[in-house]
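>>> show me the folded form of this:
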Amino acid sequence: PTGTFKPATAPVPLQGSVQEGSGRLPLTVLSRTSKSGIVTRVTIVNQDVTESSAYARLRYAQVVVGDNPDAWSTKNTPCGSRMFNEPAAGATIVVECSLRGRYVFVRLATRPGDTEDYLQMAEITVVLDGKLFSGGVASQSDTGWSLEASKARDGNPATRSSTTFADNSWWRLDMMPGGV
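Down below sits the predicted model:
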């Protein structure tokens, strides 16, 4: 994949803390290009809002990795298990795996008893081949409230991405935009 990387030997400061004075997460840049890589960790920061149940938009979400651009393709592989509990506002969810793929998805299956829902995340980071990946192109099934997919990759946990109310919403990171 094409992008910038940071060695993942030290913990990534995503527990609600940010680099002092910047409001952004620090990233050290190393370059690397290859066809695909091994995703070993995906970290999602839940939005830090407590209004109503707006922070509970990750329940039933699942991280998936693969080479198929379709979030619901059976050719892609789940990374970890589905989140059945509602993460607290501002919580950091770490999903460990060892999967090769071009795409990382967070997909939200329709909740039992619900007809539709929306997916919101404050920030998502990917460790690829042992390094923090900070490149690629983010997209999502649709965009709600002008909260674009790229907001989950801007290094600022105060912003967020959002889909609209719909069945089976998804967010995707293409780590090799333009293909190879």
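
>>> beta partners of residue 43?
residue 94, residue 125 (DSSP bridges).

>>> what's the neighbour count on the closest residue to residue 106 other than its chain neighbours?
Closest residue in space to residue 106, ignoring its immediate chain neighbours: residue 171 at 4.6 Å, by Cβ to Cβ, 6 or more residues apart in numbering. C-beta here means a position set from N, CA and C on the backbone, and glycine is covered the same way. By other Cβ atoms under 10 Å, the residues close to residue 171 number 27.

>>> from residue 93, how far out is residue 171?
13 Å (Cβ to Cβ, to the nearest Å).

>>> confirm residue 152 sits in a helix?
Yes: going by DSSP: H, G, I helix; E, B strand; the rest coil, the assignment for residue 152 places it inside a helix.

>>> quick one, what contacts it?
121, 122, 123, 124, 138, 160, 161, 171 (Cβ atoms under 8 Å, 6 or more residues apart in numbering).

>>> so what's residue 68 up against?
Residue 68 touches 75, 76, 103, counting by Cβ under 8 Å, 6+ apart.

>>> would you list the buried entries among those residues?
By neighbour count, with 16 or more other Cβ atoms under 10 Å, these hold 76, 103 as buried.

>>> tell me the one of the contacts of residue 68 nearest residue 69?
Residue 69 lies nearest to residue 103 out of the contacts of residue 68, by Cβ to Cβ, at 6.2 Å.

>>> where in the protein is the helix or strand with the lowest mean pLDDT?
strand 30-32 (a mean of 34; mean pLDDT, DSSP states H and E).

>>> now do the strands in this protein.
Under the criterion DSSP state E, strands of the chain are mapped to 3-7, 30-32, 37-45, 61-66, 77-79, 92-101, 103-108, 120-121, 123-128, 131-133, 137-140, 161-162, 169-174.

>>> hey, C-alpha coordinates of the last one in CSV?
What follows is the C-alpha trace of strand 169-174 in CSV, where atoms were taken according to Å, rounded to 0.1, in the frame of the first residue of the first chain:
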residue,chain,number,x,y,z
SER,A,169,-23.9,1.0,6.7
TRP,A,170,-20.1,0.8,6.2
TRP,A,171,-16.9,2.8,6.3
ARG,A,172,-13.9,1.8,4.1
LEU,A,173,-10.2,2.7,3.9
ASP,A,174,-8.6,1.9,0.6
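
>>> that one packs against which elements?
Here strand 169-174 touches strand 103-108, strand 123-128, strand 137-140, going by 3 or more Cβ pairs under 8 Å, 6 or more residues apart in numbering; DSSP states H and E.

>>> now the third one
Counting by 3+ Cβ pairs under 8 Å, 6+ apart, the packing neighbours recorded for strand 37-45 are strand 61-66, strand 92-101, strand 103-108, strand 123-128.

>>> for residue 76, what are its contacts?
Per Cβ under 8 Å, 6+ apart, neighbours of residue 76: 64, 65, 66, 67, 68, 70, 101, 103, 105.
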